[in-house]
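Following is a predicted model, sequence given first.
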Amino acid sequence: MADPSAIDFDTVSKAYAGRAAVDGVSLAIPAGQFVAVVGASGSGKTTLLKMVNRLAEPSQGGVRIEGQDVAAQDAVQLRRRIGYVFQGVGLFPHMTVAENIAITPRLLGWVKADIAARVDELLDLVALPRTYAERFPDQLSGGERQRVGVARALAARPSILLMDEPFGALDPITREALGQATRALHDQLGLTTLMVTHDVQEAVLLADRIVVMANGKVLADDTPRALLAGHSDPDVAALMATPARQARAIAALMEAR
Amino acid sequence: MEGQVAAAWALLPDYLAQHVLLSAAALALGVAISLPLSVLAARNTVVRWPLVTLAGMVQTIPGLALLALFYPLLLALSAVTEGAFGFKLQALGFLPALLALTLYAMLPILRNGVAGLTGIDPAVREAADGVGMTPAQRLLRVEAPLAAPVVMAGVRTAAVWTIGAATLSTPVGQTSLGNYIFSGLQTENWVFVLFGCAAAGGLALIVDQLLGLIEWGAGRRRLLPAAAGLALLGLGTAAAAVPPLLAATAPAYVVGAKNFSEQYILAELISGRLTAQGADVARRDGLGSAIVFRALEAGEIDVYVDYSGTLWTNVIGRKDNPPRAQLLAELTRWMKDEKGVVVLGSLGFENAYALAMERKLANSLGVASLDDLTARAPRLTLGGDLEFLSRPEWAAIEGAYGLRFAREKSFNPTFMYRALSSGDADVISAFSSDGRIAAQDLVVLADPRGAVPSYDAVILISPRRAKDRRLIEALTPLIGAIPVERMREANYAVDRDEGKVSPAEAARMLGVGSKP
């Protein structure tokens, strides 16, 4: 093993009440890669994601980050090193935008001036006006809120970003814009990103690599281009064909005018 | 009327201060216990149900009973601590009231605490974990502020309940605004009753508004209103706490009284004589008649007036009925030998339990004695005071004369006399020294079989004061000094509607006042 992967799943399984949510998954994610995990509800993709920062503990197998077993690390310290964008919003409703963004640096004990500078920097990074700093989450639109969510995840300069259905609740325009912005941040900051989504089109457009899951198992794992070209598993093939099929149907509609 | 209002105002500083101190302590203790319990119950579903149910059950116990229950409990506990560690617990006054009210305050805080914590969006809780908070940080930075409005609503409810229920601490010997209400009810002083209710209600309203101000300010991050609310609450409590703490030297003597007019008057008489000697005197008024003797025995009060027959049957548990002088002599000896309590002597009158009827009804039924009543009772209603029907004296009368009434009802003594004229009762358990017997022209039924013992009003002195010469010398002149007619007049002066006087003024009417 020359250069360890950023994230390494080693035959992890997780059972809830006797049913396997994740069933013997092994994945190696090299540093700098943007990986999308797609699958239907209950496919185990979110559980897989949560095992990285120990919000879920594997029943069997293990997860390594940069070669270090996460089970041997303090969960709280581990989570402070890893950015996490939550499904829905997950912002603290009683804290201002600035306080939400500053939470992990504060937990890490950064000095005040550094935190203030970092908040301004992050508002710029996610393209929110600095005047938003003193607003509360319920004074923001859904897209603005998730921008704050991304800023909060990146606040303590993590090298790994985990995202759980980050754009699921947004309207299509906001969703596309925020997706592109996140991909740009990934490239700019040199992150390793693991994103869970049920939207194949989003996965195809943003990710370097797509992992398709069903019933806790990995059905396919390849680049978007390769998967779009077809797959031996009929379910995977059908799933990956949807973006292209929709695109053709739309094109046909346009031509028919 | 103006005189009564002035008298009520004069008592307000002491009553209000004690009420504030008691309620504040109970609420603070209730919050201190309930908040951690809420966190525990919110996390652990196994303890949640029993905890909230238990708190709910406490709430169903009537406040008066809950307060009263702490007296025997603390007395028993006190015996244990004295045996094991050599110190006694205070079973009367502040401690039992504090404990009962604390229990009372717990339910709303606990229930709202659990509701507030379990009502937090699980996604927010997971986010707190996900950004790297420890469980303690999650509780303090996320869960506590989000649950705060619901918890605060519970604290406000608890505050209002506690201030209201604190009025019930008078019968366990803790002075509160309830002293107005209890003494007012006994002496038919409605000005006092209303004054007590208004004062407690006003206090509850002010505290609720101040807590509301703190909640409003904290919720909107306005430091000024929150700090102002907090400061006013703190200042109010401190202002109430300072005078009692400054006067922390224990009073020389504690004078007890049960909960009816004659007792208030006699307690005034005794206090008056002691203060005239330059002694420092505290009062414990409105004590339940079962509590008062045990309080004397335990040294929590030093002196009070009880009645020989009551002690004979209820304390000694005797069923026989010797002549008056013999009973008093035997009682005095027994008290000295068994309890170390000094029976100083009889004040000179009896306040016996006696069945009484309106003269008109008694004449028309041809009833003059309890023997005559036996045949008539099945068509009549008996009205007893709150404890009469469960006292051994009633069992003795019932047994001796075979009395079977159509109905038996209990009344507050004031309302018992009223029940005769309103027709709610035909026969009542009157007190022979009561001025209302003459005023309402009642017939006291003779007891030819001697079922009821004699009830000499006697001064009792606690074991630890048994050799206190100053106390004994101050009170000895009262022995044999009060004829029953004079006592009846004094009682009626307090009980009547027109020209009502205070117990202190009535005590002066007895004519054995405070000569130095």
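That came through fine. Please read all numbers here as calculations on a predicted model, not as lab measurements. Residues are numbered from 1 along each chain as shown, chains lettered A, B, ... in the order given.

mind listing the helices in chain A by residue range?
Secondary structure of chain A (DSSP state H): helices located at A:45-50, A:75-81, A:97-107, A:112-125, A:142-154, A:172-189, A:200-206, A:224-228, A:234-255.

Can you name the next helix or strand after the worst-scoring helix or strand of chain B on mean pLDDT?
Least confident helix or strand of chain B, by mean pLDDT, DSSP states H and E, is helix B:63-85 with a mean of 81. Downstream of helix B:63-85, the first helix or strand assigned by DSSP states H and E is helix B:94-118.

Near chain A, which residues of the stretch 1-150 of chain B? Just list them.
Contact residues (C-beta under 8 Å from any C-beta of the partner chain) of the stretch 1-150 of chain B with chain A: B:123-124, B:126-134, B:137, B:141-142, B:145-146. Heads up, the C-betas are built off the backbone N, CA and C, glycines and all.

7 Å instead?
B:123-124, B:126-127, B:129-134, B:137, B:142, B:145-146 (C-beta under 7 Å from any C-beta of the partner chain).

hmm, back to that, compare the helices of chain A and give me the one nearest chain B.
Nearest to chain B, of all these, is helix A:75-81, at 3.4 Å by C-beta to the nearest C-beta.

any residues touching that closest one, and which ones?
Helix A:75-81 is contacted from outside by A:53, A:54, A:70, A:104, A:107, A:108, A:156, A:158, B:130, B:131, B:132, B:134, using C-beta atoms under 7 Å, 6 or more residues apart in numbering or on different chains.

Please name every helix or strand in contact with the lengthiest strand in chain B.
If you go by DSSP state E, chain B has its longest strand at strand B:342-350. When contacts are defined as 3 or more C-beta pairs under 7 Å, 6 or more residues apart in numbering or on different chains; DSSP states H and E, strand B:342-350 packs onto helix B:324-334, strand B:456-461, helix B:484-495.

Can you check which of those gets nearest to chain A?
Among the helices and strands packed on strand B:342-350, helix B:484-495 sits nearest to chain A (C-beta to the nearest C-beta), with 58.7 Å.

Quick check: buried residues in the closest one?
B:484, B:486, B:487, B:488, B:490, B:491, B:492, B:493, B:494, B:495 (16 or more other C-beta atoms under 10 Å in any protein chain shown).

What score does residue A:249 have for pLDDT?
We have a pLDDT of 90 for residue A:249.

what's it in contact with, if anything?
By C-beta under 7 Å, 6+ apart, residue A:249 lies in contact with nothing.

got it, and residue B:491?
If you count contacts by C-beta under 7 Å, 6+ apart, then residue B:491 has B:261, B:262, B:265, B:433, B:434, B:435 around it.

is it possible to export those to CSV including neighbour count and secondary structure?
CSV is the format used below for the contacts of residue B:491 (neighbours: other C-beta atoms under 10 Å in any protein chain shown; DSSP: H, G, I helix; E, B strand; the rest coil):
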residue, neighbour count, secondary structure
B:261, 27, helix
B:262, 27, helix
B:265, 28, helix
B:433, 24, coil
B:434, 25, coil
B:435, 22, helix
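
Make TSV out of the residues you listed and add pLDDT.
Listed next are the contacts of residue B:491 as TSV, based on pLDDT from 0 to 100:
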residue	pLDDT
B:261	87
B:262	91
B:265	93
B:433	88
B:434	88
B:435	86
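
farthest pair in those?
B:265 and B:434 (12.0 Å; C-beta to C-beta).

what are the ranges of the strands in the stretch 401-516 of chain B?
Per DSSP state E, counting those that start in this stretch, the stretch 401-516 of chain B carries strands over the ranges B:407-411, B:427-431, B:442-444, B:456-461.

Strand partners (parallel or antiparallel) of the second one?
The strands beside strand B:427-431 in its sheet (DSSP bridges) come out as strand B:353-358 (antiparallel), strand B:381-385 (parallel).

Can I get the ones you listed in a markdown table including mean pLDDT and distance to residue A:173?
Output for the strands paired with strand B:427-431, formatted as a markdown table (pLDDT from 0 to 100; distance: least, C-beta to C-beta, whole Å):
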| stretch | mean pLDDT | distance to residue A:173 |
| --- | --- | --- |
| strand B:353-358 | 91 | 90 |
| strand B:381-385 | 90 | 82 |
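
how about JSON lines for those strands, with mean neighbour count added?
JSON lines is the format used below for the strands paired with strand B:427-431 (neighbours: other C-beta atoms under 10 Å in any protein chain shown):
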{"stretch": "strand B:353-358", "mean neighbour count": "23"}
{"stretch": "strand B:381-385", "mean neighbour count": "22"}
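
nearest to residue B:275, of these?
strand B:381-385 (30.9 Å).

and the angle for that closest one with strand B:407-411?
Angle, strand B:381-385 to strand B:407-411, by axes from the mean of the first three to the mean of the last three C-alpha atoms, to 10 degrees: 30 degrees.

residues in chain A within reach of chain B, list them.
Checking chain A against chain B by C-beta under 7 Å from any C-beta, the hits are A:53, A:55, A:76, A:79-80, A:84, A:86, A:88, A:90, A:92, A:94, A:103-104, A:107, A:152.

Most neighbours among those, which one?
residue A:152 (31 neighbours; other C-beta atoms under 10 Å in any protein chain shown).

what phi and what psi does the backbone show at residue A:32?
Reported as degrees, to the nearest 10, the phi and psi values for residue A:32 are phi 90, psi -10.

That one and residue A:192 touch, don't they?
Yes. The criterion here is C-beta atoms under 7 Å, and residue A:32 meets it with residue A:192 at 6.0 Å.

Comparing these two, which shows the higher neighbour count?
residue A:192 (23 against 14).

Next, count neighbours for the residue lying closest to the more buried one once chain neighbours are set aside.
Spatial nearest neighbour of residue A:192, chain neighbours left out: residue A:6 (4.0 Å); criterion: C-beta to C-beta, 6 or more residues apart in numbering or on different chains. Residue A:6: 23 surrounding residues under other C-beta under 10 Å.
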